[in-house]
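> please find the sequence and the predicted model below.
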Amino acid sequence: MNTPEDQNLTLQVQNLLAEAIQVPLELVTPDLAFGDLPQWDSLGHMEVMLRLEEQFGIAIDADRIARLISIPEICHFLEENGHGD
C-alpha cells in the first residue's frame, strides 16, 4: 500500500534523478530503472548516487551503488535508512 509518505519519497527521488541525469521530470516514472533512459548510464548513475548522498546525508558503498538500479530500490534503501517516514 502506498502511503502519502511513500509517494512523497518517490517524488523526491524522481526529481533528484531528473536533475542528476538532466531529463524532463515527465520522463522519470516511479518504476524507472537504470538503462531505461540513455542518460541513466554509468556516469549518470554515479551522479544520482552522489546527489542521494548529499540530499539525504547518507553514505552509499560500492556494493550498494551496484544494487540501487531502480527508483523502487532507491526508495526502499532510503526508507531502511530512516527517510520517508
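All right, it came through fine.
> alpha carbons only for contacts and neighbour counts from here, please
Will do.
> quick one: the nearest residue to residue 24 once chain neighbours are set aside from residue 37, how far?
Using C-alpha to C-alpha, 6 or more residues apart in numbering and skipping the chain neighbours, the partner closest in space to residue 24 is residue 18 (6.1 Å). Using C-alpha to C-alpha, to the nearest Å, we find residue 18 at a distance of 11 Å from residue 37.
> quick one: which of those two has more around it?
Set residue 18 next to residue 37 and count neighbours by other C-alpha atoms under 10 Å: residue 18 wins out with 20 against 13.
> which element is that one on?
helix 4-21 (DSSP states H and E).
> and the contacts of that helix?
Helix 4-21 is contacted from outside by 24-25, 27-30, 39-40, 44, 47-48, 51-52, 71-72, 74-75, 83-85, using C-alpha atoms under 8 Å, 6 or more residues apart in numbering.
> so among those, which ones count as buried?
Buried members of the contacts of helix 4-21, scored by 16 or more other C-alpha atoms under 10 Å, are 28, 39-40, 44, 47-48, 51-52, 71-72, 74-75, 84.
> could you dump those residues into CSV with pLDDT added?
Converted to CSV, these look like this (pLDDT from 0 to 100):
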residue, pLDDT
28, 98
39, 97
40, 97
44, 97
47, 98
48, 98
51, 97
52, 97
71, 98
72, 97
74, 98
75, 97
84, 74
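> for these, work out which two are farthest apart.
Using C-alpha to C-alpha, those span at most 26.2 Å, a distance reached by 39 and 84.
> which outside residues touch stretch 72-85?
5, 6, 8, 9, 10, 13, 30, 31, 56, 67, 68.
> got a winner among those for most neighbours?
Highest neighbour count within the contacts of stretch 72-85, by other C-alpha under 10 Å: residue 13, with 23 neighbours.
> ok, that one to residue 49 distance?
Per C-alpha to C-alpha, residue 13 is found 11 Å from residue 49.
> now swap in residue 67 and tell me
The spacing between residue 67 and residue 49, counted by C-alpha to C-alpha, is 11 Å.
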